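A.B. asks: only geometry, no sequence info:
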């Protein structure tokens, strides 16, 4: 009797399960894909702009601000760096000079109360100079002392009148071609000078043994010229220069002392010089 009882008890459970399966609704469907939803998802993540993307695509695709790397575009208008020849320099020069005006004929003299100051004809002479300068960018200011020696003679005496010309100058050079080690320049300046003349004065009677050293004093000169400098290194330069001096001597020194020149003595000269300089201190810039 126990054998057929178990199938009869399980029959209602099978009928209930079958009824439940028949009454169950269909599984819910996945939402349909649309371009709008994909576009929203894509915009939420950073993307690189593809090559050839049009303006509309580029406006919708942005890299977050914190991830951007600044890019420096070179300024085409920036001036090239100047040749760094700036600072305090010391220099020396070899000089040759030729004189004109009242110092080119040897026929004149200046009469004092009891003496004569002779104006000799000066030959082309040579000498040297030392200077200290400061250069910034393309300008240079120079303080220079120079001295040249000249043979001289006068038709009023039979003696030699060797002369020494001493000059202090304050010069300004302006350079060109600032990107090059080879730089032409112009020069402008002012200065004071004097000429010491051997046997340059005597009494009016030219008493034997009365000749002594005379001088032309208070020379005021204006200098103009041009040259070219070669900076083999920023702290070493070699240069050549031609400069014309417009010079007028205001007074003379004779046996009786200093006398005024009326009119002024014309002592114009042409000077050629060649020199070198060495930088002592660089510029602070």
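C.D. replies: Thanks, I have it. Source: prediction; values computed, not measured.
A.B. asks: Please make it C-alpha for all contacts and neighbour counts, starting now.
C.D. replies: Will do.
A.B. asks: Confirm residue 145 sits in a strand?
C.D. replies: Yes - per DSSP: H, G, I helix; E, B strand; the rest coil, residue 145 lies within a strand segment.
A.B. asks: Tell me what it is bridged to.
C.D. replies: residue 130, residue 168 (DSSP bridges).
A.B. asks: Show me which positions of the host helix or strand of residue 170 end up buried.
C.D. replies: Taking DSSP states H and E as the criterion, residue 170 maps to strand 163-175. By neighbour count with 16 or more other C-alpha atoms under 10 Å, strand 163-175 contains the buried residues 163-175.
A.B. asks: How about stretch 147-166?
C.D. replies: 147-154, 161-166.
A.B. asks: The residues you listed into TSV, with extra columns for distance to residue 181?
C.D. replies: Output for the buried residues of stretch 147-166, formatted as TSV (distance: C-alpha to C-alpha, whole Å):
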residue	distance to residue 181
147	30
148	30
149	34
150	36
151	39
152	41
153	45
154	47
161	44
162	41
163	39
164	36
165	34
166	32
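A.B. asks: Export these as JSON lines, with columns for pLDDT and distance to residue 223.
C.D. replies: Shown next, in JSON lines, are the buried residues of stretch 147-166 (pLDDT from 0 to 100; distance: C-alpha to C-alpha, whole Å):
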{"residue": "147", "pLDDT": "97", "distance to residue 223": "16"}
{"residue": "148", "pLDDT": "98", "distance to residue 223": "16"}
{"residue": "149", "pLDDT": "98", "distance to residue 223": "20"}
{"residue": "150", "pLDDT": "97", "distance to residue 223": "20"}
{"residue": "151", "pLDDT": "96", "distance to residue 223": "23"}
{"residue": "152", "pLDDT": "95", "distance to residue 223": "24"}
{"residue": "153", "pLDDT": "94", "distance to residue 223": "27"}
{"residue": "154", "pLDDT": "93", "distance to residue 223": "28"}
{"residue": "161", "pLDDT": "95", "distance to residue 223": "26"}
{"residue": "162", "pLDDT": "96", "distance to residue 223": "24"}
{"residue": "163", "pLDDT": "97", "distance to residue 223": "21"}
{"residue": "164", "pLDDT": "97", "distance to residue 223": "19"}
{"residue": "165", "pLDDT": "97", "distance to residue 223": "16"}
{"residue": "166", "pLDDT": "97", "distance to residue 223": "15"}
